[in-house]
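>>> from the sequence below, what's the structure:
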Amino acid sequence: MGSGPRAGFGEIALPELQKGSSIMPGKVNPVIPEVVIQVAAQVIGNDTAITVAGSQGQFELNVRVPLIARNLLGSIRLLASASRILNEKCVAGVEANVATNELHAEVTLATATALNPYIGYDKASEIVAEAARSGRALREVAIELGVEEEILTEALDHNKMARPHGGDK
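The predicted structure is shown next:
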């Protein structure tokens, strides 16, 4: 989602922890999420070893308990460390690209549902069909088809949609 700098979704900006790609200057590599994926792969491997070792206990004895303990404790340490690093070096520094998100919200056709109580399902469907056919934004087509700006401002308030019960912006 943080692809770019001017391509892809561009909805978030990751903290820059290293120089970008040698073939894509300016790109911010998702190094910490990639580390977490590697940790997950290791934990899956550890879990497989634990499963195999656990299946080998005969007569209520399991001589593979050291392997089970080592892999379980190792996985716990890895996950704790990865979680801490993900929080400190990635999540805490992620920033929303507000302008891009607002643009995406304006051009999506899904928000037409919010118009239903104001103009009815049939009119909202007509607006969606024309917007989809023409490649234009809902708001532009709605105005062209006679919907008042005040109705659009109230119905298509994306901040209000994201927090229907109030709260901080």
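>>> which parts of this protein are strands?
Secondary structure of the chain (DSSP state E): strands at 12-13, 95-96.
>>> what's in contact with the last one?
When contacts are taken as C-beta atoms under 8 Å, 6 or more residues apart in numbering, the neighbours of strand 95-96 outside the stretch itself are 11, 12, 13. Every residue, glycine included, has its C-beta placed from N, CA and C.
>>> and this structure, what are its domains?
Domain assignment for the chain by automatic domain parsing gives 29-96, 98-162.
>>> turn these into TSV, columns for distance to residue 18, mean pLDDT and mean neighbour count.
Converted to TSV, the domains of the chain look like this (distance: least, C-beta to C-beta, whole Å; pLDDT from 0 to 100; neighbours: other C-beta atoms under 10 Å):
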stretch	distance to residue 18	mean pLDDT	mean neighbour count
domain 29-96	6	93	14
domain 98-162	23	91	15
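>>> columns distance to residue 19 on top of these, output as TSV?
Output for the domains of the chain, formatted as TSV (distance: least, C-beta to C-beta, whole Å):
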stretch	distance to residue 19
domain 29-96	9
domain 98-162	24
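>>> list the residues that contact the residue nearest to residue 32 when sequence neighbours are not counted.
Once flanking residues are discounted, residue 32 sits nearest to residue 90: 4.0 Å by C-beta to C-beta, 6 or more residues apart in numbering. Going by C-beta under 8 Å, 6+ apart, residue 90 touches 14, 15, 30, 32, 33.
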